[in-house]
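K.L.:
generate a structure from the sequence data that follows.
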Amino acid sequence: MLDEYLGLILTLHILSAIIWIGGMITFIFSLYPSVLQIPNDKLMIRTSIRSLRRYFKILLPAVVILGISGVLMELSGNYDNQAPTIGAMIGAKEAIFVLMAVNFIFGFYKIKEAKQRCMKSDIHYAQDNIRLVIHYFFTLNVLLGIFSLYFGIMIRIG
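P.N.:
As a prediction, this is how the structure comes out:
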């Protein structure tokens, strides 16, 4: 039954991956450097927090769709008759997704914490949380996402 919807599922999967990975790349290289140009530190922190909270809320549906579509593709893919490397790549993609999802959730938590610290006028702690999310969580997720995209291409080719 899933076979007739496999094209739609794959399309949703790819679009969700583009939104998630592309969104992080855009945030890292475009939006965040612009926000850093705001001369008032407190205003810059508040703008960063507001932007990141919106970003996480926009990405949540993409993350959920990505996970569900990945499971559906695996269930309908009939990978039992494929080479063992295909199974290893599927396992790697699943592990990468779980790691990225945990990273995403932890990043959302750190932004929530940054907002609380900013409201208490602890600007330096709030700024450290924002840097942690953007410089480390986003960068890690972009790199993991690139590996996952590579494995996905190799699975489709194989």
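K.L.:
ok, now how distant is the residue nearest in space to the middle of the chain from residue 64?
P.N.:
Residue closest to the mean C-alpha point of the chain, counted by CA atoms, centre = their mean, is residue 20 at 4.6 Å. Using CB to CB, to the nearest Å, residue 20 is found at 11 Å from residue 64. Using the backbone N, CA and C atoms, a C-beta is placed for each residue, glycine as well.
K.L.:
which stretches of this structure have low pLDDT?
P.N.:
Low-confidence segments of the chain (pLDDT under 70): 1, 77-81, 158.
K.L.:
where do the helices of the chain begin and end?
P.N.:
Using DSSP state H, the helices found in the chain span residues 6-26, 32-35, 41-76, 84-119, 123-131, 139-157.
K.L.:
isn't the residue nearest to the centre of the chain right up against residue 67?
P.N.:
No - distance between residue 20 and residue 67: 10.6 Å, which falls outside the contact criterion (CB atoms under 8 Å).
K.L.:
quick revisit: need the residues touching each of residue 20 and residue 64.
P.N.:
Residues touching both residue 20 and residue 64 (CB atoms under 8 Å, 6 or more residues apart in numbering): none.
K.L.:
just give the nearest non-adjacent residue to residue 146, would you?
P.N.:
Closest residue in space to residue 146, ignoring its immediate chain neighbours: residue 21 at 7.3 Å, by CB to CB, 6 or more residues apart in numbering.
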